[in-house]
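J.: Sequence and predicted structure are below.
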Amino acid sequence: MAGKAIWKGFINFGDVNLPVKLHTAIREERIQFHLLHRRDRVKLRQQMICAYEDEPVPVEAQVKGFEVEDGKYVIVDPAELEQADPESSRLVEVHEFVKTGQIDTIFLERVYCLEPDINIKGYNTLVRALKEMDVAGICTWAMRKRSYLGALQASGKILRLTTLRHADEVIAAKSLELEKIPLSEKELKIGAELINQLTVPFQPHKFENEHQKKLQMLIDKKARGEKVAVLRPRQLKPTASDKLLQALEASLKRVA
Amino acid sequence: MTEQGIWNGTISFSLVAIPVHLVKAVDSGRVSFRMLHGKDYSPLHRRMFCPKEEKAVPNDEIIRGYEIAPDKYILITDEELASVSPERSRTIEIIEFIDMKEVDPIYFDHPYYLIPSKGGEKAYRLLTEVMRRTNKAGIAKFVLGEREYLVAVYSTRGTLALITLHYSEEILPDEDISPKEDLVDAGEKNRLEINIRKMMADFNPEKYTDRRRKKIMDILRKKIKQTAPVETPHAEGEEAEGPADLLAALKESMLKVKKNR
Amino acid sequence: MSRKAVGIAGRRLALSNLEKDLYPSHGFTKAHILDYYQRVARFILPHLKDRALTFKRYPEGVDKDFFFEKRCPSHRPSWVPTAEVGRDDAEKMTVCLVNDLETLIWTQNLASVELHVPLARAGSPETPDSMVFDLDPGHPADILDCTRVALILRDLLSELRLASCVKTSGKKGLHVYVPLNREETTFEDTKKFSKAVAVIMQKNYPELVTAKMAKEFRKARVFINWSQNDSSKTMVCIYSLRAREKPVVSFPLSWKELENSAGAGDPERLQVMPAEAISRAEKQGDLFQELLTKKQRLPYL
């Protein structure tokens, strides 16, 4: 079941004003560990410690500093920063539409599913239009005192809102300027052939979090008082660049 | 922490092994603040704290525990954790290739770049170029810390990117929020399409700066101009001057120094 | 605006604004700065290695506003080595490690003229590999007074069987370092030790030395700033340029040289400019090499 609605708003562009409810789309379940004091297994908690007196400092005795030079701070009152909070609003404002293929994967942050609220026909109509045109609406909204940039898209019968990272949070791949090493056509051809041989349809359901299960088994084993074997991770030997072609040919022989 | 990047190891496909390291592809744009002690502006450190002894606990006294009953824990060492999937903690083994277009973006979690380590440059270049030409992404699993990640490795602008994927069991079904009827208003759809067409543009994320960050920086800049910064204290020499042995040794040494000068 | 693409170790980097006069009263341009750092690279890089760089950028020149930043900018090329260090706002912060020539050149393309690094490496942020005494003269005391203090400090430390080395700050003071290079050392140790030393110096040379930060105590005295021995503090790296009117380098001196100049009366003689820094470093090698290798234990703690 979808998570419960976390926010209600209106998708807005031109004269469109469509009420929707936001739901989270992902639920992660992880084995939870606690950090303990080794000698007596007391559960530890995080605490701010004064660097000079080496003692805990309660929240009410803490102030927020912005470092302007080594060891020099301007003290900031949280109330001052509230001026930067976005004005509260219920509008998901669509500024423009782009072809969905144009949004680089790296910008996608978190997906929310939108549930229609009251106007189901209007919702369906927008889903259909976005889908047929293969476009995403670039929009901004404010939720829980934060402003968000996002992409409004159709997926199946529903609308999704994906938050987008801001441009200055993304480290551009084009700035990497990695070394250009010449490759022979033969290496490229065999490499491509190998990849094509190994290509299958994407079937996410077949991948399970086996590690999580094995970890649970290890915990159970220890809980029963059994010994567990410690295995060392191994490191593969890198393929030398003059052996690359040979390794590719051998790989291809193996899969063909 | 590894010397460089977040993780060091090997990416392999079939019989080819490439040494690589993982680096961030995104960096939070948040303005960073430091918490200080209000009375004298000493910097505060976030530490693990023992409520029983009422003191901060150094790293070598901390151990990971799994709670099996209230306040009853099974201890798990780093070595034991690493041996859960030893073959995956140093290797990203591409088990198959897929067409990136087939992946529903809801699976995407967090992106990184892979950078070749010494000796891996050529094979890295080959994998990048071949993946670009075939437009395929590699699917692999690897273990980082306490978690095993399902990942897609793909080629982008001459670089390999790695994006962690959610497991399908983590994706919440959306049937219950889907519209219960399929009615579409044809006239309204026409009008929508005309509206959308008028608003078409190229995706240009530079246009949308983080307004909150900008506002915070403006507030701070103004404040820096108007107020003098406070300085963290340098505990003055009045209190404890040091361990007695050290003070005695210093005193004696000082006498010698003065005599020799 | 000039732009020039250069290839370093197979990496390409677009350098910009090369003719920008960053030391306007000396006609020392960004191109000169890049040239200096390129030539001093083999000496400075071992001292920057694996340490979180604090940027102090002077894009408009050393006489104008500077930008202070500990975070590695997100527009960095991805070959720039980085590390994640704990920040106390719950989030990890990405910092730059200047481990290679290309990264060094990149920092200078950003006009990060002064290179400041902590006393600990990013991988072990709570383990200082040296202890420092930052000697800061309060007017009218000058670098020659610092020289006197440094020599007493050297003798005192040597009585405790601790070897030390000294460099100019590139401004008015001197920095005396004690190599430690032991995993067991903590900032608590170095702080406690350096403070005790500073206090005893003040007691024995009250006219020359103060161990107190407050301005009123520092007039006409050399302030021994021991509080730099802290994980949150940084020191200007040896061989780094300083942003003052003249391009001056934070440069290592031999104790012999310091003894000779102590009486010589010309404070400017101890200021080493880039050209001299290069020729001296090439001739004498790195006088601070021991700082990175010599293992010493602080006694009586």
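T.: Arrived safely, thanks for sending.
J.: The host helix or strand of B:Lys122 and chain A in contact?
T.: In the assignment (DSSP states H and E), B:Lys122 maps to helix B:121-134. Yes: counting by C-beta under 8 Å from any C-beta of the partner chain, chain A has neighbours in helix B:121-134: B:121-127, B:129-131, B:133-134. C-beta: built from backbone N, CA, C; applies to glycine.
J.: for the very next helix or strand once past that helix, packing partners?
T.: With elements assigned by DSSP H and E, the helix or strand that comes after helix B:121-134 is strand B:136-144. If you count contacts as 3 or more C-beta pairs under 8 Å, 6 or more residues apart in numbering or on different chains; DSSP states H and E, strand B:136-144 packs onto helix A:210-223, strand B:7-13, strand B:91-99, strand B:147-156.
J.: Can I get the ones you listed in a markdown table including distance to C:Asp65 and mean pLDDT?
T.: Shown next, in a markdown table, are these (distance: least, C-beta to C-beta, whole Å; pLDDT from 0 to 100):
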| stretch | distance to C:Asp65 | mean pLDDT |
| --- | --- | --- |
| helix A:210-223 | 51 | 88 |
| strand B:7-13 | 38 | 90 |
| strand B:91-99 | 45 | 93 |
| strand B:147-156 | 37 | 92 |
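J.: got the domain boundaries for the chain?
T.: Since you didn't name a chain, this refers to chain A. A:1-177, A:185-255 (automatic domain parsing).
J.: if you could check chain C rather than the one you did, that'd help
T.: As assigned by automatic domain parsing, chain C contains the domains C:3-117, C:130-232+C:244-293.
J.: Let's see the distance spanning the longest one from one end to the other.
T.: Taking C-alpha to C-alpha, to the nearest Å, the span from the opening residue of domain C:130-232+C:244-293 to its closing residue is 10 Å.
J.: so where is the chain shaky, pLDDT-wise?
T.: Picking chain A for this. Chain A contains residues with pLDDT under 70 at A:1-3, A:174-178.
J.: The intended chain is chain B.
T.: Where chain B drops to pLDDT under 70, the residues are B:1-5, B:234-240.
J.: if we can go back for a sec, what residues of the helix holding B:Lys122 count as buried?
T.: B:121-131, B:134 (16 or more other C-beta atoms under 10 Å in any protein chain shown).
J.: and C:Thr185, what pLDDT?
T.: Looking at C:Thr185, its pLDDT reads 95.
J.: same deal with C:Ala83?
T.: With respect to pLDDT, C:Ala83 has a value of 87.
J.: What's opposite it in the beta bridge?
T.: C:Val95 (DSSP bridges).
J.: does it really touch C:Leu97, like I thought?
T.: Yes: C:Ala83 is in contact with C:Leu97 according to C-beta atoms under 8 Å; the separation is 5.7 Å.
J.: In which helix or strand does the closest residue in space to C:Ala111 that isn't next to it in sequence reside?
T.: Setting aside the residues directly before and after it, C:Ala111 is nearest to C:Pro59 in space (C-beta to C-beta, 6 or more residues apart in numbering or on different chains), at 4.5 Å. Counting by DSSP H and E, no helix or strand carries C:Pro59.
J.: ok, C:Pro59 - contacts?
T.: C:67, C:110-111 (C-beta atoms under 8 Å, 6 or more residues apart in numbering or on different chains).
J.: picking up where we left off before, quick check: which of the domains of chain C is nearest to A:Ile120?
T.: domain C:3-117 (41.4 Å; C-beta to C-beta).
J.: and that closest one, how far from the chain's centre?
T.: 15 Å (C-alpha atoms, centre = their mean, to the nearest Å).
J.: count of residues packed around the closest residue to B:Asn195 other than its chain neighbours?
T.: What sits nearest to B:Asn195 in space, not counting adjacent residues and going by C-beta to C-beta, 6+ apart, is A:Gly14, at 4.3 Å. For A:Gly14, the count of nearby residues is 13 (other C-beta atoms under 10 Å in any protein chain shown).
J.: I'd assumed B:Ile194 was in contact with A:Gly14.
T.: No: using C-beta under 8 Å, A:Gly14 makes no contact with B:Ile194, being 9.1 Å away.
J.: Next, format the domains of chain C as CSV and append distance to A:His211.
T.: Output for the domains of chain C, formatted as CSV (distance: least, C-beta to C-beta, whole Å):
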stretch, distance to A:His211
domain C:3-117, 23
domain C:130-232+C:244-293, 32
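J.: Pick out the shakiest of the ones you listed, pLDDT-wise.
T.: Ranked by mean pLDDT, the domains of chain C bottom out at domain C:3-117, which scores a mean of 88.
J.: State the number of residues packed around residue 36.
T.: The chain I'm using is chain A. 22.
J.: You answered for a different chain; I wanted chain C.
T.: Using other C-beta under 10 Å as the criterion, the residues surrounding C:Tyr36 number 22.
J.: for A:Tyr73, same thing?
T.: Neighbours of A:Tyr73 (other C-beta under 10 Å): 21.
J.: what's the answer for C:Ser261, then?
T.: 17.
J.: give the contact list for C:Lys171.
T.: Contacts of C:Lys171 by C-beta under 8 Å, 6+ apart are C:242, C:244, C:248.
J.: what about the nearest residue to C:Ala52 once chain neighbours are set aside, neighbour count?
T.: Residue nearest to C:Ala52 in three dimensions, not counting chain neighbours: C:Val95, with 3.7 Å by C-beta to C-beta, 6+ apart. C:Val95 has 24 neighbouring residues, counting by other C-beta under 10 Å.
J.: hang on, isn't C:Val95 packed against C:Phe55?
T.: No: in this structure, C:Val95 is not within contact of C:Phe55 by C-beta under 8 Å, at 9.7 Å.
J.: Give me the common contacts of the two.
T.: Common neighbours of C:Val95 and C:Phe55 (C-beta under 8 Å, 6+ apart) are C:Lys70.
J.: how about the helices and strands packed on strand B:136-144, which one is nearest A:Ile120?
T.: Going by C-beta to C-beta, the one of these nearest A:Ile120 is strand B:91-99, 34.0 Å.
J.: Can you tell me what sits against the closest one?
T.: By C-beta under 8 Å, 6+ apart, strand B:91-99 touches A:195-196, A:198-202, A:234-236, B:9-13, B:17, B:20, B:87, B:131, B:134-142, B:151-153, B:162.
J.: For PyMOL, what selects the buried ones among the residues you listed?
T.: Entered in PyMOL, the line below selects the buried ones among the contacts of strand B:91-99, by 16+ other C-beta under 10 Å:
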select buried, (chain A and resi 195+198+199+202+236) or (chain B and resi 9+10+11+12+13+17+20+131+134+136+137+138+139+140+141+142+151+152+153+162)
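J.: Please enumerate the strands of chain B.
T.: Counting by DSSP state E, chain B has strands at residues B:7-13, B:16-24, B:34-37, B:44-50, B:55-56, B:62-69, B:72-76, B:91-99, B:108-116, B:136-144, B:147-156, B:159-165, B:230-231.
J.: closest to A:Gln83 out of these?
T.: Here strand B:34-37 is closest among the strands of chain B (C-beta to C-beta), at 20.5 Å.
J.: can you give me the strands in the stretch 1-150 of chain A?
T.: Applying DSSP state E, counting those that start in this stretch to the stretch 1-150 of chain A gives strands spanning A:5-13, A:16-24, A:34-37, A:45-50, A:62-69, A:72-76, A:91-99, A:108-116, A:135-143, A:146-155.
J.: Direction included, what does the last one pair against?
T.: By that I understand strand A:146-155. Partners of strand A:146-155 in the sheet, by DSSP bridges, are strand A:135-143 (antiparallel), strand A:158-164 (antiparallel).
J.: try the first one
T.: Paired with strand A:5-13 in the same sheet, following DSSP bridges, are strand A:16-24 (antiparallel), strand A:91-99 (parallel).
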